[in-house]
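Undergrad: sequence and predicted model, in that order:
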Amino acid sequence: MSSTSTPASSYRVFRIQRIGMPRNHHAIFVETAPVSGQGRDFHVTGSIQQGMVYEEKHSDRPEDNPLFVSKAEIGWIANTSWHQHVSEICRSIPPPAKQFDGPRRLLPSHQSLRRCMEWVDEAVEALREAGVLVDSEP
């Protein structure tokens, strides 16, 4: 019997939260290995003091990370060229820029700060609008 398995036709997608300061860190997690719970994180890293950068990386089961807070299913993506589509769309969402110079706010006071949580909201919306992220298993 072969030790390789047939890839799933679709993957579950989650919004992950990990402990962060001053707010929890948010990321999109695509579970590509349901048995082990491993997958891929799509997120921005950095701070609003310095500006953030886009990052995607392999991730072990989120619940095994000591900083894990929560994992909420947000939909499904088809296996067909999934990584290229998700990566392309996520890269098109600008990471949050530098929003402070020391204690001085660089944005107008009426404009909300944009952090990783807001970036994830925008990326999820873009993935849904493109038809890549759907509510039920394709």
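TA: Okay, I see it. Quantities reported herein were computed from a predicted structural model and do not represent experimental measurements.
Undergrad: if we ignore the residues flanking it in sequence, what's nearest the residue nearest the centre of the chain?
TA: Note on the chain: the residue nearest the mean C-alpha position is residue 28, at 2.2 Å, using C-alpha atoms, centre = their mean. Nearest residue to residue 28, sequence neighbours excluded (C-beta to C-beta, 6 or more residues apart in numbering): residue 42, at 4.3 Å. From N, CA and C alone the C-beta is placed, and that goes for glycine too.
Undergrad: what bridges to that neighbour?
TA: residue 28, residue 56 (DSSP bridges).
Undergrad: for it, what are its contacts?
TA: Each residue near residue 42 by C-beta atoms under 8 Å, 6 or more residues apart in numbering is listed here: 27, 28, 29, 30, 55, 56, 86, 87, 90, 123.
Undergrad: what's the lowest-mean-pLDDT helix or strand in the chain in contact with?
TA: The weakest-scoring helix or strand in the chain, judged by mean pLDDT, DSSP states H and E, is strand 104-105 (a mean of 86). Here strand 104-105 makes contact (C-beta under 8 Å, 6+ apart) with residue 99.
Undergrad: and the pLDDT for residue 79?
TA: Listed pLDDT for residue 79 reads 88.
Undergrad: gap between it and residue 134?
TA: 13 Å (C-beta to C-beta, to the nearest Å).
Undergrad: show me where this protein has strands.
TA: 10-18, 25-33, 38-47, 51-59, 68-78, 100-101, 104-105 (DSSP state E).
Undergrad: remind me what the longest one packs against, helices and strands.
TA: In terms of contact count using 3 or more C-beta pairs under 8 Å, 6 or more residues apart in numbering; DSSP states H and E, strand 68-78 is assigned the packing partners strand 10-18, strand 25-33, helix 116-129.
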